[in-house]
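Visitor: Have a look at this prediction, sequence included:
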Amino acid sequence: MKLLVTGGAGFIGSAVVRRAIAEGHSIINVDSLTYAACLDNVATVADADSYAFEHADIRDPSAMTSVLKKHNPDAIMHLAAESHVDRSIDGPAAFIDTNVTGTYVLLEAARAYWTDAGKPSGFRFHHISTDEVFGTLGETGYFTEESPYQPNSPYSASKASSDHLVRAWHETYGLPIVLTNCSNNYGPYQFPEKLIPVVIHKAMSGQPIPIYGKGDNIRDWLHVEDHAEALLLVLEKAAVGSSYNIGGENEMTNLELVKMLCGILDRLRPAEKTYAEQITYVNDRPGHDRRYAIDPTRIVEDLGWHPTYTPETGLEQTVQWYLDNEAWMNALLARDGVGDRLGIAK
Ligand SMILES: NC(=O)c1ccc[n+]([C@@H]2O[C@H](COP(=O)([O-])OP(=O)(O)OC[C@H]3O[C@@H](n4cnc5c(N)ncnc54)[C@H](O)[C@@H]3O)[C@@H](O)[C@H]2O)c1
């Protein structure tokens, strides 16, 4: 298939691009290259005949219209977004602009493109979203595809809004959409302001490793390559209008996760003391959701998807990748404002 991927210079989008090319698809990577983008993430496929890059903003209607006309894709996989919760607390406007208005602009461009082509039934608009739209869980229970939307942060509210727009464009205009909501991703090429690369960087540079609050917030971690595989499976096999929750059934408190990372670093880069001694508790994020956990039954039963990584294998591979790619990490850390504590305003 010829796939137009938005946000393909980011963390998850680049994993989708690399995997899709390896599977024989053609890719048009549409990215406006915000602070969170890095074209090195797709360097391994950039010279392939089946790869094209378009430097364009999803909020720009004429750019989206002309990119679609020029490349004539069979499907759109929409990952471009402002994605960092802490940044959304300090500056929510960019999240409304890109995640809500940008998705609206892209939907309208896709609708016109699909309509002009005679409404082909095989066309897909795949919207990639997060489990954070469902809010927070207590001690028990799981998010399913029927969970009510209850977003708590400006980021999750903007993603929830975009999910609603996508559903409405299907119900109202018949646009053939599929929707996925995934739990926390980890893996190579994650921007170094997110928890796992922050921990690795702080540990290796001898700085305090920050834990928000008591570190008892629970997240359900999934390796980015398992997510990319699930996304391509949904794109090819899911029924029009359906939605799938994607998660690895790997619940951990943030403290458990950080201790596990320190243990891996102790083995891979032994120092005089354990890295866990650098753990430092800092003020919590306002509105910090207590627990996320996905019930992945639908994608497992309908599409036969199973994650290939366990937390042990996936985290070890990830830590090793960051140790082997310090230059990549340092170049991103040198960008303006990256690495500062954000999101403490209330
Ligand atoms: N990271 C996670 O754990 C996670 C989990 C579930 C869902 N998601 C969703 O997956 C998607 C990708 O997340 P990520 O972690 O890879 O994000 P990321 O921040 O690493 O990458 C986002 C990419 O989108 C691009 N972009 C931003 N605004 C744009 C615009 N206006 N026009 C064109 N391109 C623009 C950026 O330049 C960047 O390359 C997002 O939609 C996010 O909500 C993320």
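Guide: Perfect, I can see it now. Numbering: from 1, shown residues only.
Visitor: pretty sure D74 is touching I27, no?
Guide: No: taking contacts as C-beta atoms under 8 Å, D74 lies outside contact range of I27: 11.5 Å. (Each C-beta comes from the backbone N, C-alpha and C, glycine too.)
Visitor: Spit out the residues that contact these two alike.
Guide: 2-3 (C-beta atoms under 8 Å, 6 or more residues apart in numbering).
Visitor: So between these two, which is more surrounded?
Guide: Between D74 and I27, counted using other C-beta atoms under 10 Å, the more crowded position is I27 (26 against 15).
Visitor: nearest residue to G314 other than its sequence neighbours?
Guide: Counting by C-beta to C-beta, 6 or more residues apart in numbering, H223 is the residue found nearest to G314 once chain neighbours are left out, at 4.1 Å.
Visitor: okay, now the one you found: neighbour count?
Guide: Neighbour number of H223 under other C-beta under 10 Å is 25.
Visitor: Tell me what it is bridged to.
Guide: Following DSSP bridges, H223 is listed with bridge partners Y186.
Visitor: Who are the contact partners of it?
Guide: Contacts of H223 by C-beta under 8 Å, 6+ apart are 185-187, 248, 307-309, 314, 317-318.
Visitor: do that again at 7 Å, thanks
Guide: By C-beta atoms under 7 Å, 6 or more residues apart in numbering, the contact list for H223 reads 186-187, 307, 309, 314.
Visitor: Most neighbours among those, which one?
Guide: Counting by other C-beta under 10 Å, top hit in the contacts of H223: Y186 with 26 neighbours.
Visitor: What pLDDT is listed against that residue?
Guide: pLDDT recorded at Y186 is 98.
Visitor: correct me, but it touches I196?
Guide: Yes: in this structure, Y186 is within contact of I196 by C-beta atoms under 7 Å, at 4.9 Å.
Visitor: Now do the shared contacts for these two.
Guide: In contact with both Y186 and I196: T318, using C-beta under 7 Å, 6+ apart.
Visitor: So which of the contacts of H223 reach the ligand?
Guide: Contacts with the ligand are made by none of the contacts of H223, judged by C-beta under 6 Å from any ligand atom.
Visitor: Farthest from the middle of this structure: give me that residue.
Guide: E272 (35.7 Å; C-alpha atoms, centre = their mean).
Visitor: Dihedrals phi and psi, that one?
Guide: Note on E272: its backbone torsions stand at phi -60, psi -40 [degrees, to the nearest 10].
Visitor: and the gap between it and L323?
Guide: 18 Å (C-beta to C-beta, to the nearest Å).
Visitor: Is the residue of the stretch 201-346 of the chain found nearest the ligand in a helix, a strand, or coil?
Guide: Going by C-beta to the nearest ligand atom, the ligand is nearest to H227 of the stretch 201-346 of the chain, at 7.4 Å. Under DSSP: H, G, I helix; E, B strand; the rest coil, H227 falls in the helix class.
Visitor: And the contacts of stretch 158-169?
Guide: 95-96, 99-100, 103-104, 107, 111, 125, 127, 129-130, 132-133, 149, 151, 175, 177, 179.
Visitor: in that stretch, what counts as buried?
Guide: 158-163, 165-167, 169 (16 or more other C-beta atoms under 10 Å).
Visitor: Now do the same for D284: helix, strand or coil?
Guide: coil.
Visitor: OK, contacts around it?
Guide: Applying C-beta under 7 Å, 6+ apart, the residues contacting D284 are 212-213.
Visitor: My guess is F123 contacts W114. True?
Guide: Yes: here F123 reaches W114: they are 5.1 Å apart, a contact under C-beta under 7 Å.
Visitor: In this structure, what residue comes closest to the ligand?
Guide: Counting by C-beta to the nearest ligand atom, the chain gets nearest the ligand through G10, at 2.0 Å.
Visitor: Am I right that that residue is in contact with A37?
Guide: Yes: between G10 and A37 there is a contact at 5.9 Å, judged by C-beta under 7 Å.
Visitor: who's more crowded, those two?
Guide: Comparing G10 with A37 by other C-beta under 10 Å, the one with more neighbours is G10, at 27 against 22.
Visitor: which residues touch that one?
Guide: 36-37, 79.
Visitor: Kindly reformat those residues as a markdown table and extend each row with distance to A203.
Guide: As requested, the contacts of G10 are arranged in a markdown table below (distance: C-beta to C-beta, whole Å):
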| residue | distance to A203 |
| --- | --- |
| A36 | 22 |
| A37 | 26 |
| L79 | 29 |
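Visitor: could you pick out which of these are near the ligand?
Guide: Okay, of the contacts of G10 touching the ligand (C-beta under 6 Å from any ligand atom), that's 36-37, 79.
Visitor: ok, so of those, who is nearest R291?
Guide: L79 (24.9 Å; C-beta to C-beta).
Visitor: For the closest one, which non-adjacent residue is spatially closest?
Guide: Closest to L79 by C-beta to C-beta, 6+ apart is G7, at 3.8 Å.
Visitor: Alongside the ligand, which residues does the stretch 51-200 of the chain contribute?
Guide: So the stretch 51-200 of the chain meets the ligand at 57-59, 79-83, 98, 102, 128-130, 159, 182, 184-185, 191 (C-beta under 6 Å from any ligand atom).
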